[in-house]
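>>> structure for the following, please:
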Amino acid sequence: MRQSLDLTTLRLRRRNSTQRERRASQTGDSPHNGSMTTSSDLLRGLTAPQAEAVGHTEGPLLVLAGAGSGKTRVITRRAANIARTVARPDQVLAITFTNKAAGEMRERIDALGVGRGMWVCTFHSMCARLLREYGETIGLGHNFTIFDQADSRALVKRALAQCDLSADHFPPARTQERISQAKSRLQRPADFLEIAFDFFNKSIARVYQAYQDLLTEQNGCDFDDLLMRVARMVNEYPKVRDELSERFRYILIDEYQDTNHAQYTIASCLARAHRNLCATGDPDQSIYAWRGADMKNILEFESDYTDATVVRLEQNFRSTGAILSAASELISRNDFRKHKKLWTDGDRGASVRVWTCEDQTIEAKQIAEDIQAYLTEGGNPGDISVFYRVNALSRVVEDALRAARIPYQIARGVEFYNRKEIRDVLSYLRLIVNPSDETALVRAINTPTRGIGKVSLDRLKAYAVANGITMFEAVQRCSEIDTLKTAKKKVESFSELMAKLSAMPDAPVRAIVSAVLSQSGIEKSLSAAGGLEDNDPLENVNELVSAAQQYDKEFPEGSLIDWLQMTSLVNDVDRIDETTGAVTLMTLHAAKGLEFPVVYMVGLEEGLLPHARVQLAEQEELEEERRLAFVGMTRAMHRLTLTHALYRMVRGITERAVASRFLGELPDDEIERASFVEQRDRSMSHLGRYNESEFSTSDAMYYPGCRVRHDDYGDGEVIGIESRLRSQYIRIYFRDHGERSFALEHVSLYILD
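Here you go, the predicted structure:
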């Protein structure tokens, strides 16, 4: 019963008109009277704080918007008010963090009749547009390719090889993450090398430089480059900064608490001349420190702009009183925040439910049964979402939903574009736009198989290097390369194909995509291969054609390069289909900015939420995990259920789980607790509940706080020792693996102190 997002939500269409009208009626931003909207209309139906924020036009403004407080409504009406009173629409720049949120903002502003010419976009899409226009200022061709995570990692592997570094000692994923962190801090390779203090970091600096050289050779940017290049451009090129400051006289930034140093620099530079910067956000919903977000940007806004007007939006219009009370009590435990008190004049609603389940199977089964009961009562599966901290928790929930024949979808939007057949087609399209894109060339030249193998590619590369040309230019001059031998005619054929495809007009996009499919041989190859009913590669590439056709319809002035840019910036949330009538499964991070009438949060256990890596970490990291739980809870409108298991299978081994500390921080008067414990295996019957406050120290060698080393898990700290029937078990916390429990008579440990 799983509905394939790949085949139902790829189409880049606007929301269903019924959904749009429903939302408009709720917000008062009706599309039917947009042309008649006046400045006074924009203030109608707003609370006093909302009206104050909308009516503010000149100077810096900080809007501290609590969860569900009508933030989007305020931003869109404020943008419309500015465009009606003190500026042209094209002088207003509205930025948010997801394409989905930008699309909703754009629709609302259009409905108010002032959206034409206004930039409403994400940071990444804005930077991509600016680099198309100003990139040559910093040596970047306008036809640059945006490398996604997979292609970026492939380049990191090449850079490691060039630096003679082993991928075993320098894992590509970790290396990629370190480079990304450096870029978010606007550190170039030389900057990173200057502060490197050990062999590992100095080696990373070398890889970073090699990686950037590869990107430059291919006229490419990764996601972090989009931000870093624009940040450095507006900071170091006054002429560009002045032009953009004059163009964007009024800047509105949503989710300001999630900005990193690069985004902060861009905003500060663009607002330097006119100082009309509106930052909207909520420190209590800052959950992206792991990718460079700096909550200090919003906490210190008033220090950056001492004359800033501050407006607090504290009335919640989304959640019931019980949900709001529980979430507010939880987040009040954090120290790093700006005080505000969320309230609602709505109903108290049902208590927040906390379920204790025997294991992950019982947990999933109980959720499925509860959903089934909701549906039997007339509920819509599209009203429901299941959140989890890590993707691995979705499998058991999926199994239970399938068994109950409940339709569901998973918010993993980038998966479609990571399918082999889709990447194959996109490689041709990228090469058409950017002939320097060697990564795309290497993929396309032998897809489908043409008999052009690694040896031939190496000879093409060697010729290109020897003659100081790109690999694509070497393909075009393949008749001069004697070493190609029998592959020469095959390379010539590919060169002729690319020449023919490149000669096509860059719009409509559908025609180009269709030509690539038919003329490259991909369509014929996929037709011959066949596929599974729910994952047919041919159906997937046909869906890509449909996406191109929809793009042509919605953006008649768009081109192939614009479409490729849009597809490269797709994220998980963008692929959620609100009209599909299916339960939505997603991570807590992906849930931010969304809302559902019914929400289940699974796996509230130590090591999962809070995650294992922050259990004994700095207070700031623990507080971010608490904010993540708060974000999940405040997505719920009417019903919220929090679950944890007593046992959970990890890597094929069932282990004892401990309820999350966050469950103990909820107010008892708002919580309804239930237990679903089934002793399904007599071998587990001796594992009773443990008491964290009672330590058995019968074995004097070990004691709470004792540091030990395990052959598989590394260094850890003893939490305690407990008796289980006739055996003694030691509980140890490992930084990278969380809590583990071992029978003392069977475990080998080395005592460190």
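
>>> just the pLDDT at Glu578, thanks.
Per-residue pLDDT puts Glu578 at 61.

>>> try the one 5 residues further on
The predicted local confidence for Val583 comes out at a pLDDT of 94.

>>> check contacts around it.
Neighbour list for Val583: Ile371, Pro381, Gly382, Ile384, Ser385, Val386, Leu401, Ile406, Pro407, Tyr408, Gln409 [criterion: CB atoms under 8 Å, 6 or more residues apart in numbering]. No exception for glycine: its C-beta is placed from N, CA and C like everyone else's.

>>> how about a cut-off of 10 Å?
Val583 makes contacts with 1-3, 367-368, 371, 374-375, 380-386, 397, 401, 406-410, 596, 598, 600, as judged by CB atoms under 10 Å, 6 or more residues apart in numbering.

>>> low-confidence stretches in the protein?
Applying pLDDT under 70 to the chain flags residues 1-39, 412-415, 529-535, 571-580, 615-618, 650-653, 678-700, 724-727, 745-746, 753.

>>> ok, of the contacts of Val583, which come out buried?
Burial by neighbour count, 16 or more other CB atoms under 10 Å: within those this picks out 2-3, 367-368, 371, 374-375, 381-386, 397, 401, 406-410, 596, 598, 600.

>>> skipping adjacent residues, who's closest to Asp242 in space?
Nearest non-adjacent residue to Asp242, counting by CB to CB, 6 or more residues apart in numbering: Ala273, 7.1 Å away.

>>> neighbours of the residue nearest to Leu609 when sequence neighbours are not counted, how many?
Excluding its sequence neighbours, the residue lying closest to Leu609 (CB to CB, 6+ apart) is Arg389, at 4.5 Å. Here the number of neighbours of Arg389 (other CB atoms under 10 Å) works out to 24.

>>> now swap in Ala293 and tell me
Close neighbours of Ala293, defined as other CB under 10 Å, add up to 24.

>>> contacting residues for it?
97, 184, 255-261, 263-264, 286-287, 624.

>>> among those, which lie within helices?
Those of those mapping onto helices are Ser184, His261, Gln263, Tyr264, Glu624, per DSSP state H.

>>> for these, which one is nearest Cys127?
Taking CB to CB as the measure, Gln263 is the one of these closest to Cys127, at 9.1 Å.

>>> next up, the contacts around that closest one.
Shown in contact with Gln263 (CB under 10 Å, 6+ apart): 95, 97, 123-124, 127, 184, 227, 230-231, 253, 256, 292-294, 297.

>>> let's see that with 7 Å instead.
Applying CB atoms under 7 Å, 6 or more residues apart in numbering to Gln263 gives the contacts Phe123, Leu227.

>>> need phi/psi at Thr643.
Taking degrees, to the nearest 10, you get phi -130, psi 150 for the backbone angles of Thr643.

>>> do you know how far it is from Val465?
Distance of Thr643 to Val465, computed by CB to CB, to the nearest Å: 58 Å.

>>> neighbour count for those two, which is higher?
Thr643 (26 against 11).

>>> in this structure the more buried one contacts Ile362, no?
No. With contact defined as CB atoms under 7 Å, Thr643 does not count as touching Ile362 (9.6 Å).

>>> quick one: the strands in the stretch 551-700 of the chain?
583-587, 596-601, 636-650, 653-656, 671-676 (DSSP state E, counting those that start in this stretch).

>>> can you redo these as JSON lines with distance to Arg735?
Formatted as JSON lines, these follow (distance: least, CB to CB, whole Å):
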{"stretch": "strand 583-587", "distance to Arg735": "22"}
{"stretch": "strand 596-601", "distance to Arg735": "25"}
{"stretch": "strand 636-650", "distance to Arg735": "16"}
{"stretch": "strand 653-656", "distance to Arg735": "17"}
{"stretch": "strand 671-676", "distance to Arg735": "32"}
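
>>> which among the ones you listed is found nearest to Thr72?
Nearest of the strands of the stretch 551-700 of the chain (CB to CB): strand 636-650, 15.4 Å.

>>> all helices for the stretch 601-750 of the chain, in order.
In the stretch 601-750 of the chain, helices defined by DSSP state H, counting those that start in this stretch lie at 619-633, listed in chain order.

>>> also the stretch 201-350 of the chain?
Under DSSP H, counting those that start in this stretch, the stretch 201-350 of the chain gives helices at 223-236, 238-247, 261-270, 296-299, 301-304, 321-331.

>>> can you redo these as CSV with distance to Ile75?
Shown next, in CSV, are the helices of the stretch 201-350 of the chain (distance: least, CB to CB, whole Å):
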stretch, distance to Ile75
helix 223-236, 21
helix 238-247, 20
helix 261-270, 15
helix 296-299, 15
helix 301-304, 16
helix 321-331, 22
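
>>> list just the one of the ones you listed that sits closest to Arg443.
Arg443 lies closest, by CB to CB, to one member of the helices of the stretch 201-350 of the chain: helix 223-236, at 19.5 Å.

>>> burial of Ala373, as a residue count?
Close neighbours of Ala373, defined as other CB under 10 Å, add up to 10.

>>> can you check Ile469 too?
Neighbour count for Ile469, taken as other CB under 10 Å: 13.

>>> likewise Ser325?
Per other CB under 10 Å, the neighbour tally for Ser325 reads 21.

>>> what's near enough to touch it?
Going by CB under 7 Å, 6+ apart, Ser325 touches Pro667, Glu670.

>>> likewise for Leu186?
Taking CB under 7 Å, 6+ apart, we find Leu186 in contact with Met228, Ala231, Arg232, His261, Ala262, Thr265.

>>> checking my notes, it in a strand, right?
No. Per DSSP: H, G, I helix; E, B strand; the rest coil, Leu186 lies outside any strand segment and is coil.

>>> hmm, Leu517 is touching Leu526, no?
No. Using CB under 7 Å, Leu517 is not in contact with Leu526, being 8.6 Å away.

>>> find residues that contact each of the two.
Common neighbours of Leu517 and Leu526 (criterion: CB under 7 Å, 6+ apart): Val541.

>>> which residue comes closest to Ile367 once chain neighbours are left out?
Tyr600 (5.3 Å).

>>> for that neighbour, list each beta-bridge partner.
Beta-bridge pairing for Tyr600 (DSSP bridges): Val386, Thr641.

>>> now for Ala326, how many residues are close by?
By other CB under 10 Å, 27 other residues sit near Ala326.

>>> next helix or strand past the helix or strand containing Lys100?
Using DSSP states H and E, Lys100 sits within helix 99-111. Tracing the chain C-terminally past helix 99-111 and defining elements by DSSP H and E, one meets strand 119-122 next.

>>> give the partner strands of that following strand in its sheet and their orientations.
strand 92-96 (parallel).

>>> what's next to the partner strand, contact-wise?
With CB under 7 Å, 6+ apart, strand 92-96 has contacts from 75, 79, 82-83, 102, 105, 118-123, 126, 248, 250-255.

>>> pull the CA atoms of it into PDB?
Extracted C-alpha coordinates of strand 92-96, given in PDB (Å, rounded to 0.1, in the frame of the first residue of the first chain):
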ATOM      1  CA  VAL A  92      11.700  43.100  -2.300                       C
ATOM      2  CA  LEU A  93      13.600  39.900  -1.600                       C
ATOM      3  CA  ALA A  94      12.000  37.200   0.500                       C
ATOM      4  CA  ILE A  95      14.100  34.200   1.500                       C
ATOM      5  CA  THR A  96      13.200  31.000   3.200                       C
END
